[in-house]
Every structure is written in C-alpha cells, then in structure tokens.
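> sequence first, then the predicted structure, then my questions.
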Amino acid sequence: MNMGKIRLSGFVFLVSVLSVVLCAVRPAQIAQADTRADAAEPFTQEEKEKNAAYGTLRVGYVTDRKPMCFDQEGSGELGGASRYIFDRIQEVSGLKFEYVELPDGQVTYDVLVGDRIDLVTSVEYNRENVNARGILISEPYFSGRKVIVGREGLVFEADKSLKIAVATGSQTLKKVLKKQYPNFEIVDFETIEDCFEAVYEGKADVLIQNQYVAEYNLYKPKYKELKVIPVVGLADELCFSAVMPIEGSDQDKIDAQERSREIVDVINRAISLMGQEEITNFVIRGVMENQYEYSFSDILYRYQGTILFATIVFLVVCVLIFLIIRFYINTMEARAEAKARGQFLSTMSHEIRTPLNGLIGLNYLMLQNLGKPEKLESYLRQSASTAKYLQMLVNDILDMSKLRENEMYFENKPFSLNTTLEAVAFMEKSRMDEKKIHFSLDTELPYPILSGDATRVKQAVLNMIDNAYKFTPKGGRISVRVRQEKRADRKITTTVEVEDTGCGMSEEFQKKIFDSFTQERAEVSKGNQGTGLGMSICYLLAKQMGGDIRVESEVGKGSRFTFEFVLKAVSGTIEKETAPDEEQGRAGKESAADRGEKRSAAGNDKMPGVLVAEDNELNAQILMEVLAEKGFQVIVALNGREAVKRFADSSLGEFSIILMDLMMPEMDGYEAAQEIRALDRPDAATVKIFACTANSFKEDRDRAMASGMNDFITKPVDVNKLIEKLKLS
C-alpha cells in the first residue's frame, strides 16, 4: 500500500483480464496470426541495419487510453501495452522509435504533419481509417471489443434515442455509431475522462470505449453507479498508422509514400513474427502493471462514511483528551495555588504575629510601669515603631492587591523628578550612616519635569533601596544612578539603577525575585525583617507605568536592579518641594501657630462640631478622645441609621464635619451619606462628609464620591493628617 493510494488485488484483476482476453480474441484470428507467425521469416542482420537507416521514427500517442496507451508518470514517454509492443517491434526489426505526446481532442492530419509524426499508435482498424486519405494502416495487432458504459439499470436498445458521449479524437467511431445507431445523439467531449464525467453527471446516457480503458476508469470510487452494459458486435481492433504526405512535388511525394509503405510492411512483418499470443501477453502485462491506483480523494470518497465516523471518534477522543489535560492542569494549578496560598498565609502569619507579639508584650510592660515615665516613654516609642511596621505591611498587601487587579489609583500631574529623588536620598541618609554604608545618588536628567504620580515613583525607588539596604553588610556600598532617554513617541524613558555590594542571589532565585513573599535565604539576610512584597510591587509599578524591571546578580558580589518607567515630559518649572522631615517640622510649627491664632481669635468659642459614624466602639472612642483633645465637639453614632437621625435632629450648623465609616450595620456609610444629602435643610448640602474606612480600593473611593462624600481617609488613620484636613475644612 502506497501513501494515500491503495492498489487493487492483482490476482482478482488477472483472472478478469484473462477471461476478457480469451473472450475477446476470436479463434479464427488466433489461428490466422499463428499461421502468419509460422510463415514470417525473422529479420536478418542486414535487414535490421536497413530498417535502422530509416532513422528514428516519431511515434504519436494520446495520453488518455490507460492502460493501453498513456503518458508514463508525466515523463513524456509512452507507457502501457502499446509501449511493450513497440519495444518488441524495435527489437525484432531494427526500427528506432521516439514517442511524442499528441494533444487532447481531435488530432487532424495537419497536426500530425506539423509535428512531423511518422506513426500513430492505438488506431482503430476499420473501413473509414483504411480508406482515409493521408494515412496508411498496418495489420491489426490486437483484436478485443468495445463496451458500453451507463448508469446501473439502463437498458441499451439499438432503436432507442440515447445520448452517447464520444471523445473528439474518435472521429471514425462517430461514423461507425451513426451508421449502426442512427437514432442516437452523439455528444462530443474533449477526453475520455470527460466522457465518464458526462455519464456520471447525467449529461449523456452512455459512452462506448475499449474494454480495458473502460474497466480502468470504472475502478474510480465515484463511478460506482456506472456499469458495463453487455452488447454483442462491437469489435475493437487496434493497429498502427503511418502518416503519408499528400502535398509536395510528385517525386518527393512518391518517395515519401514508398518509405511509409516500407515501414508499415516492416511493422506488419514484426507483428506476424510476434504472433497473437505474445501480443496478448503484452496487453495483460500492460493491464497488470498499470492498474488504477486510489488517490487520496478517491479514498475520501469511497470511505467517506467510515472517515466521517472515524473523524467524529477522533474529535470525541481529542475533546476527552483536552478535558483530561485541562482537568489535570486545573488540578495542578489548584495545587500550586493552594501551596502558594499556604505559603502566603504562613508568611503573613509570621509577619503579623511577630510585631503583634511585640505590641502585646509592650502593652504588658507599660501596664507594669505606669509610674515610671522614662520606661513608659521608651515602650511607647517602640510600640509606635512596631505599629508603623504593621501599617506598612497592610499597605504593601493592599498595594499588591490593587496593582494585580489594575485598581491602583495613579495621579497624573507634573512633578519634579529631581526633587523626588532628593527627598528619597534625604530619607535614606540617616540609616545609611548608622550602618556605615556608602550611599551615592548620580542623576543625569535632561527632562526633570514629568507628568505622572510622584508618590508611586518614590515608592518604587524606596523599595529598591530598602531591598539593597537589607542585604548589604556594614561598610558596603549602594549606588543609585538615574538616566533619561527620549522615545520616538516623545515620551521619556527614565532608568533607575540601584547597585549594591551585598550578598547577591542565585540564578534560580533571580527567576522568582519579583514573585510575592520571596526572600533569598542567605547568612547575611538572617534577621532582616521584611514582607517580601517590595520587589513585587516594583515590578507591578513598572508595568503600570509602561516600563520594566530587571536584575543582575552574583552570589557574594552584590546585585543591580534596573527599574524603567515611561512618562511624558512637561515644560516649565515646579516649586521646589521640601524634604519629608523638614516638611513635617514646618508643618508642626505652622500648626502650632495656626492653633494659637485660631484660639486667640475664637477665644472660648466652640470648635467645629464633628459627627463620627463608627460601629467599632474602640475606634469610635479613640477618634472622639483625639478630636476632643484638639478642641472639636464630637458626637458618636454607632451605625449609619443613627448617624442620619443624629444629623437630622441636630440644630442648624451644629455639625460641619461627618467622619463616615463605610461598613456599618443597619445602614452602611454610602446610603447614610445619600440620605443626609437628601434631607430638607440648608446644611445637608454643605456639611463635609469624609469617608473614614479601611476599604481603600479605587471602586470604594469612586463609590464614596458618587454617594455625596467630599473626601476619603483610609484606616489606620494618620492623626496629624486628619487634624490638618479637619482644620482646613
């Protein structure tokens, strides 16, 4: 079996051929051929040399008579039974042949002369061809029969009116059919294959063809509904014809015609020498070696039902395999997710419990030392530092969550990158000095004013420096280099490199450095407290700002992180910002001054009234005491419904500020704010409502603004910032 093809059973086909041949060859002809073979004398060497002197004879053949006569595998060489007979004639007679493919359709005398054709093979031996002008017919070398092909069930009768498909090259066949079947309509088609298509498609009723050519084509699966219709009296005798000139000078024409007759005589003698039995063997060989081979399209046609079923089975199997693989992948992902979740919870538990344990211990020590101010102050400072770390941890987790969900709010306003970097350097200076780390900042900023979120840029740079600080030993070096480059779209790519002389990291760890809660386990890192979220946040910030972050590191030699972000440049200048500590100091002095001025101006007048809507009693108590200490008049409502009632029952202007928790029982802060704004009193539209909540996502902020609130304060509350905000309201 070949690729894409299936060969028919040779044994079955051989039996068929032998039966056809025995039926086709008439006994009288066999006897006559045997007599000629006995009578014919073999060619002498001298005769062979004389025959070779005719030169190489050009033999024309048609290509659509497989297995009798065809183009052999597209090579231009004659193939089939005719080729074997010509080879044998060449062997016994000394003649030389070359083979020329004739065009499809009707082959005229002019075509033969134009192509300088000497002989034509597989010509029908009949009266019309014998008497035709311009050709000379040899004795028939083979006698078979023609068959009629039509759809199964068709009854062939001579007096019926049927359409017969005939190839245009079979002109003499048309003449025979017109005489034998005068009621039939003859329809021309270019090739024998076109004739089969015509009968298959119903454009013709039948076709008449050589038995071997017909049987060859009927093996095509698409013609399974076409059958051979037995008809007696349709002989098919094949011969060779020589092309004789009918133009030119008399002597040249006579010489050429004589040459053609001599060649035909040689061929007739060679046919006699072979005898009918040998020629029949050539026919059988041609049939056996050139059986119809199924093409891929034939296989699809014949086995379309099986193929369709197999395709459905295949698709079902593919779907099942896909589902199994998907289930396996989902299972593995679920396991990986569960493992990651477990690692996350384990890390979170450690990171929260450690400072929480410190706070509980410090609280115990404070209770034990209430009468010792110095110790109490020390414990309070440590408690504040620990609480600040817990706040940082919560903020990092919230930032990670918002960045992953693309919910992080980014400002887009002009800022000075120089000022931002100077503020970072100022903030880092003291602890670098404590650890005796040489810290340097080298900037080259042709575009110092950018439009974006300065806080997020500062956060990313601080995280990278903080990471370097943790893993750089005393006396080490941390270098920060900042460069800028203008892009084709006129935006600015800013590159921040943070290089340290710390412990470095393995190649394996470099692949997961930007994953959440990861930290290289090295001797120098032991005792370094951290959430493991800093570099993950840097990675997500870089992506959000159109950039990227990379790491280069070697164990024992340090690391270099490269952070890139893309922002638009802004022309002009921005007023220089102050460093954080300086700003805080000034704010403290200005606040004190402001407080003095206000108190003196207000005298003993009451401070603005504040309504605190908070369901957590401890948080409510803390806010009340903090605000009361600053002079504010504070009323607490433990849920949203009570807050609405308190405001509705208050005197006009009693409350100028409402601190509204968002998540409360009975009525949440959003609905409470909407109901307060809807009250029919003048101050319902002017009272300041600040969301005061642990919900810090963008959608929470947007929803708060949409419900009528004026600003958003996140918990844990920075008391100093809260006081300043209330003072300005």
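Yep, it's here.

> within the helices and strands, which one has the residue nearest the centre of the chain?
Closest to where the C-alpha atoms of the chain average out (Cα atoms, centre = their mean) is residue 322, at 16.7 Å. Using DSSP states H and E, residue 322 maps to helix 304-368.

> check residue 654 too.
With DSSP H and E as criterion, residue 654 is part of no helix or strand.

> report pLDDT for the residue lying closest to it once chain neighbours are set aside.
Once flanking residues are discounted, residue 654 sits nearest to residue 609: 5.1 Å by Cβ to Cβ, 6 or more residues apart in numbering. All C-beta atoms are positioned from the backbone trio N, CA, C, and that covers glycine. We have a pLDDT of 90 for residue 609.

> okay, and the beta partners of residue 609?
residue 633 (DSSP bridges).

> tell me, how many neighbours does it end up with?
Neighbour count for residue 609, taken as other Cβ atoms under 10 Å: 18.

> quick one: it and residue 658 touch, right?
No. Using Cβ atoms under 8 Å, residue 609 makes no contact with residue 658, being 9.6 Å away.

> ok so, going back, relative to residue 179, how far out is the residue nearest to the centre of the chain?
Residue 322 is 68 Å from residue 179, where distance means Cβ to Cβ, to the nearest Å.

> now do the contacts for residue 542.
With contact set as Cβ atoms under 8 Å, 6 or more residues apart in numbering, residue 542 has these partners: 460, 548-549, 563-565.

> most widely separated two among those residues?
460 and 548 (11.8 Å; Cβ to Cβ).

> which one's more surrounded, the two?
More neighbours surround residue 460 than the other of residue 460 and residue 548, with 24 against 14 (other Cβ under 10 Å).

> am I right that that one falls within a helix?
Yes. Counting by DSSP: H, G, I helix; E, B strand; the rest coil, residue 460 is found in a helix.

> what's the pLDDT at it?
Value for residue 460, per-residue pLDDT: 90.

> and what of residue 268?
Looking at residue 268, the pLDDT reads 91.

> what residues sit buried inside the helix or strand where it lies?
Element membership for residue 268, per DSSP H and E: helix 250-289. For helix 250-289, a neighbour-count test (16 or more other Cβ atoms under 10 Å) marks 260, 263-264, 266-276, 279-280, 282-284, 286-287 as buried.

> check stretch 464-478 too.
Result for stretch 464-478 [16+ other Cβ under 10 Å]: buried residues 464-465, 467-472, 476, 478.

> farthest-separated two in those?
464 and 476 (15.3 Å).

> sec struct for the spatially closest residue to residue 607 that is not a sequence neighbour, please.
Among residues not flanking residue 607 along the chain, residue 631 sits closest, at 4.0 Å (Cβ to Cβ, 6+ apart). With three-state DSSP as the basis, residue 631 sits in coil.

> give me the phi and psi angles of residue 631.
Main-chain torsions, residue 631, degrees, to the nearest 10: phi 100, psi 0.

> any figure for the gap between it and residue 609?
Residue 631 is 11 Å from residue 609, by Cβ to Cβ.

> cool, and residue 397?
Taken as Cβ to Cβ, the span from residue 397 to residue 609 is 36 Å.

> tell me the contacts of the nearest residue to residue 431 once chain neighbours are set aside?
Once flanking residues are discounted, residue 431 sits nearest to residue 469: 7.0 Å by Cβ to Cβ, 6+ apart. With contacts defined as Cβ under 8 Å, 6+ apart, the neighbours of residue 469 are 428, 431-432, 435, 437, 478.
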